[in-house]
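Novice: I would like the atomic coordinates for the input below:
(one chain, ligands or ions: 1)
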Amino acid sequence: MNPESEFIQRDRSLHPPALTPNYKTSVLRSPRIPLWSLQNSLSEVTGPTFRREELGPLDNDLILNYAKSGEPIGERIIVHGRVLDENGRGLPNTLVEVWQANAGGRYRHVNDRYLAPVDPNFGGCGRTLTDKDGYYFFRTVKPGAYPFRNQVNSWRPAHIHFSIFGTGFAQRLITQMYFEGDPLIRHDVIANTIPDPEAIERLIAPLDLSAAIPLDCLAYRFDIVLRGRRSTLFENKLQGN
Ligand SMILES: [Fe+2]
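Specialist: Next up is the predicted model:
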């Protein structure tokens with residue numbers, strides 16, 4: 001952190017209330033008593049550290065990192081962007097982890113019973129470290145929409161889950177990225193727990209044709225801002241970043 005950087009007050013109005021009954025899961029998950037602030041322990045403030053050598057060469061390539069008998073079915077895409085602080089500076093060496101459903105909307109997870117099939121060549125998980133400018137990229141197939149049990153016809157828009165690690169375990173931030181033009185976003189009870197439409201907009205990655213590879217794959221751009229007026233909304237830090 002640059003000591004000369006301007007301090008930008010967090011905007012608490014950006015975040016959805018913990019209890020949003022339209023999203024039924026929030027009823028049981030929202031706290032009934034005020035939150036306690038706990039002192040971090042040494043292991044939480046001194047770790048983790050991630051070295052480039054610890055990552056495998058295919059960790060940021062979801063098209064190949066689980067391929068068995070061939071490549072996964074689906075629309076091939078690149079997702080890329082920068083992890084930025086509140087003043088627009090890139091954060092180097094930041095671990096970015098992603099997980100997602102396959103092109104049919106099915107997760108490779110024991111609890112996912114959706115009728116769309118598991119893709120034998122798609123695991124749906126990846127990770128990468130930002131470079132010296134805070135830039136990251138990975139390659140994958142576009143995830144499908146999937147239904148979930150909330151109202152009669154509740155569908156998640158296509159999305160990719162993101163985790164961003166800081167320099168301590170207590171700094172892990174989690175969010176979701178959506179895709180430009182997806183008509184399901186406006187019907188999604190989870191995205192719509194966010195009261196500020198502009199904050200939802202910042203979770204929607206625009207198509208980035210300039211980064212698409214001709215005859216190979218499309219690209220979407222997703223910049224992640226850790227704090228400030230353009231902050232990305234993190235679902236595990238609803239009180240502010
Ligand atoms: Fe999901």
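Novice: for the most centrally placed residue in the chain, what are its contacts?
Specialist: Geometric centre of the chain, nearest residue: Phe162, 2.4 Å, by C-alpha atoms, centre = their mean. Contact criterion C-beta atoms under 8 Å, 6 or more residues apart in numbering gives Val96, Glu97, Val98, Ile174, Thr175, Gln176, Met177, Phe222, Ile224 as the residues in contact with Phe162. In this view, the C-beta of every residue, glycine as well, is placed from N, C-alpha and C.
Novice: Which ones among the residues you listed lie within strands?
Specialist: When DSSP state E is applied, the contacts of Phe162 are split such that Val96, Glu97, Val98, Ile174, Thr175, Gln176, Met177, Ile224 fall in strands.
Novice: Mind checking which of those residues are buried?
Specialist: Listed as buried from the ones in strands among the contacts of Phe162 are Val96, Glu97, Val98, Thr175, Gln176, Met177, Ile224; burial here means 16 or more other C-beta atoms under 10 Å.
Novice: Would you format those residues as TSV with distance to Leu38 and pLDDT included?
Specialist: Converted to TSV, these look like this (distance: C-beta to C-beta, whole Å; pLDDT from 0 to 100):
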residue	distance to Leu38	pLDDT
Val96	26	97
Glu97	24	97
Val98	29	98
Thr175	23	95
Gln176	26	97
Met177	30	98
Ile224	26	97
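Novice: I'd like those residues written out as TSV, with distance to Asp196 added.
Specialist: Putting those into TSV (distance: C-beta to C-beta, whole Å) gives the following:
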residue	distance to Asp196
Val96	24
Glu97	26
Val98	24
Thr175	14
Gln176	16
Met177	17
Ile224	17
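Novice: Surely the residue nearest to the centre of the chain forms part of a strand?
Specialist: Yes: under DSSP: H, G, I helix; E, B strand; the rest coil, Phe162 falls within a strand.
Novice: how close does it get to Asp182?
Specialist: 17 Å (C-beta to C-beta, to the nearest Å).
Novice: And Leu115, by the same measure?
Specialist: 21 Å.
Novice: Which one of those two is surrounded by more residues?
Specialist: When Leu115 is set against Asp182 and neighbours are counted by other C-beta atoms under 10 Å, the residue ahead is Asp182, at 16 against 8.
Novice: contacting residues around the more buried one?
Specialist: Ala145, Pro157, Ala158, Ile204.
Novice: Skipping its backbone neighbours, what lies nearest Leu14 in space?
Specialist: Ala199 (5.0 Å; C-beta to C-beta, 6 or more residues apart in numbering).
Novice: Let me know the next secondary structure element after the helix or strand that neighbour falls within.
Specialist: Using DSSP states H and E, Ala199 sits within helix 197-201. Following helix 197-201 in sequence order, the next helix or strand is strand 204-205 (DSSP H and E).
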